Each structure stands twice: as C-alpha cells, then as structure tokens.
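Novice: take a look and give me a structure for this.
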Amino acid sequence: MTSSPALEKTVDKILNQSENELLLSLNQSLDDSKNTLSNSLSLLEQEYDRILVDGKKEADKLQKQITGSATLEARNKQLLLVEDSVEKVFAKAIEQLNDLVRNEDYTKLVTQLLDESVKGLGTSDVNIECNSKDKSVVQSILSKFSGATLSPNTVDCLGGIIVKSKDGSMTLDNTIDARIERLKPLIRKDIAIRFGR
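Specialist: Prediction:
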C-alpha cells in the first residue's frame, strides 16, 4: 500500500501538533511542579524554623525546671544542715544549763524572773513553783515580794519559775525551758539571716 503524500503530511502535522501540545503540557506541568516545590520549600523552611524555636523554648523550660529543682534541693539541704546545727547548739546549751551553779548571778536572774512574772500577772498574790535545785534560791528572795509563797510542788525543768495567781486563774511559765522555747524561733530567724536565707 502506498501512502499518499497528503496523508503523510496530515499525519506529520497531527504528530507535530500532538508533540507540541504534549511538550507544552509537560512544560506547564514542570512549571507547576517547580512552583509547588518552591512554595513547599518556603513552607518547609518556616516549619523547620518553628520546630527549632519550639525546641529551644522546650529546652530552656526544661533547663529552668532542672536548675530550679536543683537549687531548691540544695537550699533544702542547707536549711536541714542549719537546723541540725541549731539543734546541736541548743542541746549543748541545755546540757550546760543543767549543770548551772546557783550563785549570786543566778539569784539575780530568778529575782528578775519573779519580778517580770508578778508584773505580767498584775498581782503579787502568787504561788511559785520551781525545780528542787531552786527551792533555796526562791525561798531567799520571797521576802522581796509580799503575798508570794513557795509551792511545795516541784517542776521538772532546768531552772526558773512558774508563777500562778493564788486564785488559779492565771499562770506564767518563766522557766528557763519555756524561755528557750520562746526564743528558739527568733534565734533560728537570726541564724537564717546570717546565712543569707
């Protein structure tokens, strides 16, 4: 079969036209793909930057938590050490007070405690309780306080006195033990200030 030149020309024309359309379509698809890739690259770079920023924030947050936790733990250990030292000092002081000599200075102290107690209660009609070591000291100063009497009851304490109104309505504990307990918070506060806490 022989082909006619017109048919060949038409086929060539259709093939060229199809090839051009196909090339044009491929070029358009390539350009679209490049645009999509370019747009995606920009979005990916933004997402990458966001992930880096979020990661840095999270790392900073974790670092602050770890640092804060370590600081708090160190502070707590320091406070426990200070508290332990304070308790040892109090124990040593109490040990020394237990062996306190009942001399003239001690008599002055008990006189001052009784004077404070009488003023605090607002009456000199009082009963005084003390430990067995202080009975003679208290007895020796009773003449300075009219209306004050020494109770036959003894108190288990380092020293000092407990003063009660004779009607029993008021009591003031002015023992060395009670005074130490009242001073402990102030002493602890002073020590904490000295250690910068």
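Novice: quick one, domains of this structure?
Specialist: Per automatic domain parsing, the structural domains of the chain span 1-99, 101-194.
Novice: give me whichever of those domains is most buried.
Specialist: Among these, domain 101-194 has the highest mean neighbour count (mean count of other Cβ atoms under 10 Å), at a mean of 15. For every residue, glycine as well, the C-beta is placed using N, CA and C.
Novice: gap between Ser69 and Leu41?
Specialist: Distance of Ser69 to Leu41, computed by Cβ to Cβ, to the nearest Å: 42 Å.
Novice: all helices of the chain, in order?
Specialist: Secondary structure of the chain (DSSP state H): helices at 5-98, 104-121, 135-141, 176-194.
Novice: now the third one - C-alpha only, CSV.
Specialist: In this case it means helix 135-141. Taking Å, rounded to 0.1, in the frame of the first residue of the first chain, the C-alpha atoms of helix 135-141 are listed here in CSV:
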residue,chain,number,x,y,z
LYS,A,135,13.9,25.9,146.2
SER,A,136,16.5,27.6,148.4
VAL,A,137,17.1,30.4,145.9
VAL,A,138,13.4,31.2,145.6
GLN,A,139,13.0,31.0,149.4
SER,A,140,15.8,33.5,149.8
ILE,A,141,14.0,36.2,147.6
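Novice: circling back: redo the helices of the chain as JSON lines? Include mean pLDDT and distance to Ala148.
Specialist: Shown next, in JSON lines, are those (pLDDT from 0 to 100; distance: least, Cβ to Cβ, whole Å):
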{"stretch": "helix 5-98", "mean pLDDT": "84", "distance to Ala148": "24"}
{"stretch": "helix 104-121", "mean pLDDT": "93", "distance to Ala148": "7"}
{"stretch": "helix 135-141", "mean pLDDT": "93", "distance to Ala148": "9"}
{"stretch": "helix 176-194", "mean pLDDT": "85", "distance to Ala148": "19"}
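Novice: closest one to Asp156 among the ones you listed?
Specialist: helix 176-194 (8.9 Å; Cβ to Cβ).
Novice: between that closest one and helix 104-121, how many degrees?
Specialist: Calculated by axes from the mean of the first three to the mean of the last three Cα atoms, to 10 degrees, helix 176-194 forms an angle of 90 degrees with helix 104-121.
Novice: which residues does Gln171 bridge with?
Specialist: Just to correct that, residue 171 is Thr rather than Gln. Lys164 (DSSP bridges).
Novice: pretty sure it is touching Val163, no?
Specialist: Yes. Contact criterion Cβ atoms under 8 Å: Thr171 and Val163 qualify, at 7.2 Å.
Novice: would you mind measuring from the residue sitting nearest the centre point of the chain to Leu100?
Specialist: In the chain, the centroid-proximal residue (Cα atoms, centre = their mean) is Leu72; its distance is 6.6 Å. Separation of Leu72 from Leu100 (Cβ to Cβ): 42 Å.
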